[in-house]
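S.K.: Provide a 3D model corresponding to the input given below.
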Amino acid sequence: MLASECAWAILRAEHARMRELLARVDAALKTGEWKRAGPAASPIAGLIARLQAFDEATHRPKGTVLLQILRGRSTESDDLLRRLEQQRERCDALLSQVKSRLKQAESGDTAAAAAVEDWLEEHRRLMLDHLDQEDTLLHSQTAELLTGEEWAAVASSISETMGARKG
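M.R.: The predicted structure is shown next:
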């Protein structure tokens with residue numbers, strides 16, 4: 001099962017990167033400097049953009065084949081996939097809301113700032129839970145349900161995705 005170990009090593013490394021980016025957003029959020037207009041405001045928006053770009057362009061594409069192969073294997077795995085998709089959709093919606101209100105918050109709108117803080121805290125909590133579920137529950141489901149040939153397809157897909165990113 002070398003293919004599964006390689007695939008999970010890559011996915012877990014990306015999870016670590018996402019946790020790092022979430023921590024950086026949280027640290028920037030806690031300084032409160034992002035609420036000020038001008039150059040002090042842009043770092044948090046930049047961190048959010050980096051987190052989104054990494055997730056959407058680098059991480060998510062690697063899991064596509066894995067999730068397609070796992071879907072329909074068991075009620076338990078389908079329930080897990082459904083929960084993960086719902087969390088992902090909520091996280092995406094929260095970041096969209098944050099981006100729409102961030103400029104208002106940076107201009108001194110205290111209600112917008114409070115909303116941004118609440119949404120980013122909820123996003124962080126949900127995303128950390130999501131990553132933990134992928135590292136534990138999804139990992140165990142895939143180990144139980146996928147064959148060596150399926151893991152080879154997953155690893156090949158991840159490799160192709162990484163090659164396309166570099167090219």
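
S.K.: In contact with the residue nearest to the spatial centre of the chain, which residues?
M.R.: In the chain, the residue lying closest to the centroid (CA atoms, centre = their mean) is D55, at 4.9 Å. By CB atoms under 8 Å, 6 or more residues apart in numbering, the contact set of D55 is M18. Yep, even glycine has a C-beta here, placed from its N, CA and C like the rest.

S.K.: Helix or strand: which one has the nearest residue to G63 once chain neighbours are set aside?
M.R.: With CB to CB, 6 or more residues apart in numbering as the criterion, G63 has its nearest non-adjacent residue at 7.0 Å, and that residue is L11. If you go by DSSP states H and E, L11 is part of helix 2-31.

S.K.: gap between that helix and the chain center?
M.R.: How far helix 2-31 lies from its chain's middle: 8 Å, per CA atoms, centre = their mean, to the nearest Å.

S.K.: any low-confidence regions in the chain?
M.R.: By pLDDT under 70, the weakly predicted segments of the chain are 37-41, 165-167.

S.K.: Output stretch 19-31 as PDB, nothing but the C-alphas.
M.R.: Written as PDB, here are the backbone C-alpha positions of stretch 19-31 (Å, rounded to 0.1, in the frame of the first residue of the first chain):
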ATOM      1  CA  ARG A  19      -3.400  24.900   9.400                       C
ATOM      2  CA  GLU A  20      -0.400  27.200   9.200                       C
ATOM      3  CA  LEU A  21      -2.300  29.600   7.000                       C
ATOM      4  CA  LEU A  22      -5.300  29.500   9.300                       C
ATOM      5  CA  ALA A  23      -3.100  30.300  12.200                       C
ATOM      6  CA  ARG A  24      -1.600  33.200  10.400                       C
ATOM      7  CA  VAL A  25      -5.100  34.600   9.600                       C
ATOM      8  CA  ASP A  26      -6.000  34.100  13.200                       C
ATOM      9  CA  ALA A  27      -2.900  35.900  14.500                       C
ATOM     10  CA  ALA A  28      -3.500  38.800  12.100                       C
ATOM     11  CA  LEU A  29      -7.200  38.900  13.100                       C
ATOM     12  CA  LYS A  30      -6.200  39.200  16.800                       C
ATOM     13  CA  THR A  31      -3.900  42.200  16.300                       C
END
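
S.K.: what sits up against that stretch?
M.R.: 34, 43-44, 47-48, 50-51, 54, 117, 120-121, 124, 127-128, 131.
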